[in-house]
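>>> Need coordinates for the below:
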Amino acid sequence: MARRRIPPADGNAAVRAVAAGSTDRTERTTAVRYSLEELAFRAPGNSVEVRVPPLGVTQCVEGPRHTRGTPPNVIETDADIWLALVLGTLTWAEALTSGAVAASGQRADLSALLPLFPQEPPGPATGPA
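As a prediction, this is how the structure comes out:
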């Protein structure tokens with residue numbers, strides 16, 4: 001199992017800040033790295049490599065382990081698209097169709113794992129009518 005480098009309280013705070021619209025570079029970087037750690041925690045393994053250059057990379061999903069060179073199952077996208085996927089504001093299918101995510105290999109499908117931190121839709125307004 002992947003070792004966490006970002007304390008969950010810090011990671012969750014960064015994810016919440018980004019979900020609320022923060023554009024702070026440090027919070028966005030922490031949110032990306034924490035979400036990659038969370039993905040590896042929820043889907044341990046080494047058969048898929050997820051890259052969000054230049055902020056982070058992780059290996060996840062059970063299956064054959066690669067030991068040299070480029071792994072056979074690679075997913076790559078930018079930070080904005082990755083955060084939209086983990087927050088659920090963009091679906092895996094939409095990201096693939098639009099070309100916002102490059103995915104190669106038989107196991108390079110994260111649709112069953114995303115979103116990691118789904119955002120609840122706003123509830124009905126309450127208060128005096």
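>>> which element is the residue lying closest to Ala84 once chain neighbours are set aside on?
Among residues not flanking Ala84 along the chain, Leu90 sits closest, at 3.7 Å (Cβ to Cβ, 6 or more residues apart in numbering). For glycine as for every other residue, the C-beta is placed from the backbone atoms N, C-alpha and C. Using DSSP states H and E, Leu90 sits within no helix or strand.
>>> check contacts around Leu90.
81, 84, 100 (Cβ atoms under 8 Å, 6 or more residues apart in numbering).
>>> Would you mind stating the distance between the second one and Pro7?
So that's Ala84. Separation of Ala84 from Pro7 (Cβ to Cβ, to the nearest Å): 24 Å.
>>> Neighbour count for these two, which is higher?
Between Ala84 and Pro7, Ala84 has the larger neighbour count (other Cβ atoms under 10 Å), namely 20 against 10.
>>> Show me what the helix or strand hosting that one is packed against.
Assigned by DSSP H and E, Ala84 belongs to helix 79-87. For helix 79-87, the elements it packs on are helix 8-19, helix 25-42, helix 92-98, judged by 3 or more Cβ pairs under 8 Å, 6 or more residues apart in numbering; DSSP states H and E.
>>> wait, which of the ones you listed is closest to Leu116?
helix 25-42 (5.3 Å; Cβ to Cβ).
>>> rewinding a little: what comes up buried for the helix holding Ala84?
Neighbour-count burial for helix 79-87, counted by 16 or more other Cβ atoms under 10 Å, picks out 79, 81-87.
>>> One more: stretch 69-80?
Buried residues in stretch 69-80 (16+ other Cβ under 10 Å): 71-79.
>>> now, which of these sits nearest Gly63?
For those, the nearest to Gly63 is Asn73 (7.7 Å; Cβ to Cβ).
>>> and the closest one, how far is that from Ala108?
4 Å.
>>> anything in contact with each of these two?
Val48.
>>> just the helices and strands packed on helix 79-87: most buried one?
For those, average neighbour numbers computed from mean count of other Cβ atoms under 10 Å are highest in helix 25-42, which has a mean of 20.
>>> Need the residues that contact it.
1-2, 4-6, 8, 10-12, 14-15, 17-18, 22, 50, 52, 55-60, 79, 82-83, 86, 110, 113, 116-117.
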